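J.: Sharing a model prediction with you, sequence too.
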Amino acid sequence: DIQMTQSPSSLSASVGDRVTITCRASQIISTYLHWYQQKPGKAPKLLIYAASSLQSGVPSRFSGSGSATDFTLTISSLQSEDFATYYCQQSYSTPFTFGPGTRVDIK
Amino acid sequence: QVQLQESGPGLVKPSQTLSLTCSVSGGSISSGGYYWSWIRQHPGKGLEWIGYLYNSASLFYNPSLQSRVTIFADTSKNQFSLMLSSVTAADTAMYYCARVSRSSWKWFDYWGQGTLVTVSS
């Protein structure tokens, strides 16, 4: 199985901050990497697919980059509604696997 | 707009079989080239992919659960279901159904709200 790691596991930030979350795969996965946002008690929501494509309806302050094994999710200016947990997911090979998550909370 | 809704018992006894159904509206599970998947999340933990169904027949399961999992479709009701046998407390989790994009990149673009299943006597 492809192992996914994320860093940091949690961070505290203020509204307006630029936030970067890193995801690393245990082997090369090209751009078969997707990002989700999950708020407490809710299902995950797709933000970014194929490493850098913004899902329809997702604010443009979210962006993704990377390829091969190293990927980043950036929130250019954190808003109050962005406090949540973020997960990466690889679909290069089955079983699909997710990162352990990065919790973003209010400083 | 595609919508998914999970249903099933919230409490299952150890050693029994967990059975959940996902009802899909706004799109047919038997056309469009989409995959249909189950994912679970243990309390306070990360996400675990269980398996997916394609074209109402082709299946792929997570090897970690393969011996206990069955996913199948009822196209007449536009539903797909999950059965997980011989459950233990370790199967207590929130269970989500989700649609997988028809792109070869296979991301989860629509999710149900989830249903919590507790395994306890």
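T.: All right, it came through fine.
J.: switch to C-alpha atoms for all contacts and neighbour counts from now on
T.: Noted.
J.: Can you pull up the most central residue in chain B?
T.: residue B:38 (2.6 Å; Cα atoms, centre = their mean).
J.: quick one: the strands in chain B?
T.: Under the criterion DSSP state E, chain B carries strands at the ranges B:3-7, B:11-12, B:18-25, B:35-41, B:47-54, B:58-61, B:69-74, B:79-84, B:93-100, B:108-111, B:115-119.
J.: that older thread, once you drop chain neighbours, what's closest to the residue nearest to the centre of chain B?
T.: Spatial nearest neighbour of residue B:38, chain neighbours left out: residue B:97 (4.5 Å); criterion: Cα to Cα, 6 or more residues apart in numbering or on different chains.
J.: Tell me who's in contact with residue B:21.
T.: With contact set as Cα atoms under 8 Å, 6 or more residues apart in numbering or on different chains, residue B:21 has these partners: B:6, B:7, B:8, B:79, B:80, B:81, B:82.
J.: go again using 10 Å as the cut-off
T.: Residue B:21 sits next to B:4-9, B:71-74, B:79-83, B:97 when contact means Cα atoms under 10 Å, 6 or more residues apart in numbering or on different chains.
J.: So it versus residue A:25, what's the distance?
T.: 32 Å (Cα to Cα, to the nearest Å).
J.: average model confidence for stretch A:1-16?
T.: Over the span of stretch A:1-16, the pLDDT mean works out to 97.
J.: Residue B:40 pairs with what?
T.: residue B:48, residue B:95 (DSSP bridges).
J.: follow-up on the earlier one: just the buried ones out of the contacts of residue B:21, please.
T.: Buried by 16 or more other Cα atoms under 10 Å in any protein chain shown: B:4-8, B:71-73, B:79-82, B:97, out of the contacts of residue B:21.
J.: Now pLDDT too, for the residues you listed, in CSV please.
T.: Shown next, in CSV, are these (pLDDT from 0 to 100):
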residue, pLDDT
B:4, 98
B:5, 98
B:6, 98
B:7, 98
B:8, 96
B:71, 95
B:72, 94
B:73, 93
B:79, 96
B:80, 96
B:81, 96
B:82, 97
B:97, 98
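J.: can you pull the contacts of residue A:32?
T.: With contacts defined as Cα under 10 Å, 6+ apart, the neighbours of residue A:32 are A:49-51, A:67-69, A:89-93, B:104-107.
J.: Let me see the contact set for the residue nearest to residue B:38.
T.: A:43, B:4-6, B:20-24, B:36-40, B:50-52, B:80-82, B:108, B:110-115.
J.: Is any residue of the lowest-mean-pLDDT helix or strand in chain B near chain A?
T.: When the helices and strands of chain B are scored by mean pLDDT, DSSP states H and E, strand B:58-61 comes last with a mean of 88. Yes. Residues of strand B:58-61 contacting chain A under Cα under 10 Å from any Cα of the partner chain: B:60, B:61.
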